[in-house]
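K.L.:
Sharing a sequence plus its predicted fold:
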Amino acid sequence: MSSPSLSSFFAISSDSTFLLIVAGLVTLIYLSARRMFGHDPREPPLAPQSIPLIGHMVGLSKSSFNYYIDLSHKTDAPIFTMTLPGQKMYVVTKPELIQIVQKQHKTLAFPPIEAKFASKVCGASPEAQAILDKNVNGDEGDFGLSMESYTAMRAALKPGSQLDDMNRVMIQEITKSLDMLQPAKGESKRIGMNTWLRDAITTATTRSVYGPMNPYDNKEIADAFWEFEGGLMSILVGFLPSITARKPIAARAKVAKAFEAYFKAGGVKNASVLAQARYQVEVDNNVPLEDIARYEVGGSIAILVNTAPAAFWALFLLHSHPGLLEEIRKEVDAFTETTTENGTTVKTLDITTLKANCPLLLSSYQEVLRYCSMGTSVREVMEDIYLDRWLLKKGAILQMPSRIIHQDASLWGSSVADFNPRRFLPKETKNRPRDVCFRAFGGGKTLCPGRHFATNEVLAVVAIFISRLDMTPVGGAWKFPTTANTNVAAVVMEPDDDIEVEIKARQGFEDTKWVINLDKSDKIFAMVTEDSNEA
Ligand code: HEM
């Protein structure tokens, strides 16, 4: 055999192998690109984009969540398709379709997305990620870290004695913060309204969740948490986060270390049932202690990030909306009990009865959430399925931005863009859409389990604050702050800049002593359809 023929054989053979590999790769790339960017006419209509391929990215970075509203007006469909580089996305715009999505929670699933988000946000080890991924969507039954954590959190946060225990600690702490804030008679103080609220709510919430050994009692740890929160976007989508998001990652590590020390010292033994139950589920699923601590930093996002801005907007809008503060003060004053103790007037406020006795306060709070929420419920399409008459492709992401629903004039009427504190009054039921259109707490299986606690906390802060203090903006007028830098995990808009305010003891109440009580919070305030069913 001559060697040239052998070599030419190999030459031909390697050429054809090479060609086959190239052809294979091209086909693969074509197929996956078609899957991502190709559009089947049975899928929801394509939303137009100004620049091919990257138009939506540009739109989202410019207009944030309002971009979804623009697209929903342009497409005028109950659901539309957005193609982003590397990801196909469907956006639902009508409540009827959201109801159907919520019923198909295994095929349009939240847990797989949350697990990916948690692993990245918390910086969990590969071992802990594997534990979380096991039966993440509950397809094999209600076991595993993911499924058991949902059950434990829901049980711990439902109205009843466990939630009351958390609420009592929270109210004590809010009262302490206000005692410290209230200036002496005839004096005044200047504070950053957002900073003060964030500190007060961080302390009150974390003491009620983590008990007497609360890691956030150390101001450095609380500040590190907020530094981490401010850098979430760079951790999630930044290029080489270990370099570009160094500071928030270091802040996260600091908080995680504090949690590790807390768990090692047995701090969780005296914590709320919520913290204990989460910890026990993680121990039962063999999550290493370092990762339990890391996951707790992620858990703090859910319990902290939305309540402070909700309280901020409630106080801001109550003070800036003409006449509203006076009306709500009248409502709160009317059911405050007044007694005299050694010549001092004592006013007792029972937070439990706030909900039943202050309909305008309650309605304003709900309107604050409608007006200021910008969260989006997200699902992963687990297999090709039909949603109503539209085909959804496996691997795509489905979004249900609350803002589209909350800003839909066909649902809320022509005043949709206005802040109307009376919108949620019982007598207005006929003039507003069904409860399912109120999406501030999400809905269905992933409905926020912390809504009762958060509602008590915001109402308590607002009622006690306005009863005890007069507040005026240092600049002379209430100016609505911009909200462009709201972080990705937030459901409620965050103000970009703080508002400097001047605080005085409320005129006519300078010598009053305040007692704040909470009896039992088992009376559910039905704000969402799910609560009406529970009630
Ligand atoms: C005004 C304050 C709050 C708002 C507006 C809010 C809103 C939300 C929303 C929209 C979701 C996602 C629901 C979905 O995707 O369908 C959520 C999830 C969650 N929230 Fe809240 N939340 C607030 C306060 C709280 C508090 C104080 C806690 C705990 C004490 C809490 C605990 C949680 C948890 C654990 C989840 C995750 C539930 C899951 O993964 O299924 N939230 N919240």
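P.N.:
Perfect, I can see it now.
K.L.:
so how far is the host helix or strand of residue 168 from its chain's centroid?
P.N.:
According to DSSP states H and E, residue 168 maps onto helix 161-181. Offset of helix 161-181 from its chain centre (CA atoms, centre = their mean, to the nearest Å): 22 Å.
K.L.:
For that helix, buried residues please.
P.N.:
162-164, 166-171, 173-175, 177-178 (16 or more other CB atoms under 10 Å). Every residue, glycine included, has its C-beta placed from N, CA and C.
K.L.:
Equivalent analysis for stretch 333-343, please.
P.N.:
residue 336.
K.L.:
quick revisit: show me what the helix holding residue 168 is in contact with.
P.N.:
156-157, 189, 191, 196, 199-200, 203-205, 207-209, 272-274, 351, 452-453, 456-457, 460-461, 464-465, 468-469, 503, 514, 516-518, 520-522 (CB atoms under 8 Å, 6 or more residues apart in numbering).
K.L.:
Among those, name the buried ones.
P.N.:
156-157, 191, 196, 199-200, 203-205, 207-209, 272-274, 351, 452-453, 456-457, 460-461, 464-465, 468-469, 503, 514, 516, 518, 521.
K.L.:
now, which of the residues you listed lie close to the ligand?
P.N.:
Filtering those for neighbours of the ligand using CB under 6 Å from any ligand atom leaves 157, 453.
K.L.:
Redo the buried residues of helix 161-181 as a markdown table? Include pLDDT and distance to the ligand.
P.N.:
A markdown table is the format used below for those (pLDDT from 0 to 100; distance: CB to the nearest ligand atom, whole Å):
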| residue | pLDDT | distance to the ligand |
| --- | --- | --- |
| 162 | 90 | 12 |
| 163 | 90 | 9 |
| 164 | 89 | 14 |
| 166 | 94 | 8 |
| 167 | 91 | 11 |
| 168 | 91 | 14 |
| 169 | 94 | 12 |
| 170 | 94 | 9 |
| 171 | 92 | 14 |
| 173 | 95 | 14 |
| 174 | 94 | 13 |
| 175 | 93 | 18 |
| 177 | 96 | 17 |
| 178 | 95 | 19 |
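K.L.:
how about those residues in JSON lines, adding distance to residue 335?
P.N.:
Output for the buried residues of helix 161-181, formatted as JSON lines (distance: CB to CB, whole Å):
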{"residue": "162", "distance to residue 335": "27"}
{"residue": "163", "distance to residue 335": "22"}
{"residue": "164", "distance to residue 335": "20"}
{"residue": "166", "distance to residue 335": "24"}
{"residue": "167", "distance to residue 335": "18"}
{"residue": "168", "distance to residue 335": "20"}
{"residue": "169", "distance to residue 335": "24"}
{"residue": "170", "distance to residue 335": "21"}
{"residue": "171", "distance to residue 335": "16"}
{"residue": "173", "distance to residue 335": "23"}
{"residue": "174", "distance to residue 335": "19"}
{"residue": "175", "distance to residue 335": "18"}
{"residue": "177", "distance to residue 335": "23"}
{"residue": "178", "distance to residue 335": "19"}
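K.L.:
and the host helix or strand of residue 98 with the ligand, contact?
P.N.:
In this assignment (DSSP H and E), residue 98 forms part of helix 95-103. No. Judged by CB under 6 Å from any ligand atom, helix 95-103 and the ligand are separated, with a smallest distance of 8.3 Å.
K.L.:
got a list of contacts for stretch 272-284?
P.N.:
Outside stretch 272-284, the residues touching it (CB under 8 Å, 6+ apart) are 145, 148-149, 152-153, 155-157, 162, 165-166, 169, 208-211, 263, 268-269, 291-292, 295-296, 299.
K.L.:
taking the contacts of helix 161-181 one by one, which sit in strands?
P.N.:
The strands, defined by DSSP state E, take in 189, 191, 469, 503, 514, 516, 517 from these.
K.L.:
Kindly calculate the angle that the helix holding residue 168 makes with strand 513-517.
P.N.:
160 degrees (axes from the mean of the first three to the mean of the last three CA atoms, to 10 degrees).
K.L.:
From the ones in strands among the contacts of helix 161-181, pick the one nearest the ligand.
P.N.:
residue 516 (18.7 Å; CB to the nearest ligand atom).
K.L.:
May I ask you to confirm that the closest one is in contact with residue 352?
P.N.:
No. Residue 516 is beyond contact range of residue 352, at 10.8 Å (criterion: CB atoms under 8 Å).
K.L.:
Up against the ligand, what does the stretch 251-400 of the chain have?
P.N.:
302, 303, 306, 307, 310, 375, 377.
K.L.:
If we use 8 Å, what do you get?
P.N.:
When proximity is defined by CB under 8 Å from any ligand atom, the stretch 251-400 of the chain lies next to the ligand at 274, 299, 302-307, 309-310, 369, 373, 375-378, 400.
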